[in-house]
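Engineer: Have a look at this prediction, sequence included:
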Amino acid sequence: MGRGIAARRLVGLRGRSRRGVHARAKATSAAITAFSSDGRISAFDLVVLDDPRRAFPPYEAVLLLSPRVASDVRVVEAVSPLVGSIPVEQMRRANLLVDRDRDQQPPAQAAPWLSATTGAL
């Protein structure tokens, strides 16, 4: 079952569905599904609802290291400060830089902005 269908059943919405954040931009939906770090949440002034039933797992970045690299204390110490260092609001802004209708930036340009505003990269 797609997350949009699951969300609609969870909150009891009826009627036809438009997909994703673009539905809100067209003012045709009362509720949509999106990743919590989607930049268009702020752009369209959307409200992120609580999920007390935990129907959707949190969307968080994961840092994966190979067994060879994970055993290198220097590497682990170098990347450990990144864990949990980017607030979701900042990630939304960075995502909006690369995923907006006008003036899109490539990720290589958004990364320095994210680094400067969070000190994470």
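Structural biologist: It's in.

Engineer: Which parts of this protein are helices?
Structural biologist: Remark: helices assigned in the chain by DSSP state H are 3-11, 20-25, 40-43, 67-70, 73-79, 88-98, 107-118.

Engineer: right, and the ones you listed - which one's nearest Tyr59?
Structural biologist: Ranking the helices of the chain by distance to Tyr59, with Cβ to Cβ as the measure, places helix 88-98 first at 8.7 Å. Heads up, the C-betas are built off the backbone N, CA and C, glycines and all.

Engineer: re earlier: in a markdown table: the helices of the chain, plus distance to Ala55.
Structural biologist: Formatted as a markdown table, the entries for these read as follows, by distance: least, Cβ to Cβ, whole Å:
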| stretch | distance to Ala55 |
| --- | --- |
| helix 3-11 | 5 |
| helix 20-25 | 17 |
| helix 40-43 | 18 |
| helix 67-70 | 32 |
| helix 73-79 | 31 |
| helix 88-98 | 18 |
| helix 107-118 | 29 |
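
Engineer: Show me the residue at the heart of the chain, geometrically.
Structural biologist: The residue at the geometric middle of the chain, judged as the C-alpha nearest the mean C-alpha position with Cα atoms, centre = their mean, is Ser37 (1.9 Å).

Engineer: In terms of mean pLDDT, which of the helices of the chain ranks lowest?
Structural biologist: Least confidently modelled of the helices of the chain is helix 20-25, at a mean of 49 by mean pLDDT.

Engineer: still on that earlier bit, give the closest residue to the residue nearest to the centre of the chain in space, chain neighbours not counted.
Structural biologist: Once its chain neighbours are removed from consideration, Ser37 has its nearest residue in Met91; the separation is 4.2 Å (Cβ to Cβ, 6 or more residues apart in numbering).

Engineer: residues contacting that neighbour?
Structural biologist: When contacts are counted by Cβ atoms under 8 Å, 6 or more residues apart in numbering, Met91 touches 37, 61, 114.

Engineer: Right, I'll call it a day here.
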